[in-house]
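Novice: how would this look folded up:
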Amino acid sequence: MHFKKYLIKIPEGYSEGMYLQRKYGITRTNFNAGKSIKIYAKELGGNDFISLNYYITSTAYLLKPYEMSETKVLDFLENVLIA
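Specialist: From the prediction side, this is the model:
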């Protein structure tokens with residue numbers, strides 16, 4: 001699955017979004033001309049976070065969650081509403 005369609009709705013730099021009726025501070029950083037993307041989202045006023053790296057290689061698109069399930073990351077990417 002190509003996840004970039006979900007990633008591009010999150011702007012580069014800092015933004016805020018709503019997920020599961022909670023507000024998150026979200027940081028997106030692009031590397032290697034957009035072939036590597038890092039996203040870190042922290043629940044504002046809470047303990048939840050989302051952390052992932054996304055890589056585009058010559059043969060694949062790789063989503064690498066950090067210390068959480070891919071299911072949680074995908075749900076966040078699909079459902080977060082950017083303010």
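
Novice: Give me the distance between Ala60 and Gly45.
Specialist: 37 Å (CB to CB, to the nearest Å). For the C-beta atoms, the positions are set from N, CA and C on the backbone; glycine is no exception.

Novice: Same question for Leu74.
Specialist: 24 Å.

Novice: Looking at these two, which is more packed in?
Specialist: Leu74 (16 against 7; other CB atoms under 10 Å).

Novice: Please export the C-alpha coordinates of the helix or strand that one falls within as CSV.
Specialist: In the assignment (DSSP states H and E), Leu74 maps to helix 70-79. Extracted C-alpha coordinates of helix 70-79, given in CSV (Å, rounded to 0.1, in the frame of the first residue of the first chain):
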residue,chain,number,x,y,z
GLU,A,70,1.4,-0.4,12.2
THR,A,71,-2.4,-0.5,12.8
LYS,A,72,-2.2,2.4,15.2
VAL,A,73,-0.1,4.5,12.9
LEU,A,74,-2.3,3.8,9.9
ASP,A,75,-5.5,4.7,11.9
PHE,A,76,-3.9,8.0,12.9
LEU,A,77,-2.7,8.9,9.4
GLU,A,78,-6.1,8.1,7.9
ASN,A,79,-8.2,9.9,10.6
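
Novice: pLDDT averaged over whichever helix or strand comes after that helix, what's the number?
Specialist: Sequence-wise, the next helix or strand downstream of helix 70-79 (DSSP H and E) is strand 81-82. Strand 81-82 shows a mean pLDDT of 96 in the predicted model.

Novice: go on, stretch 60-76?
Specialist: 93.
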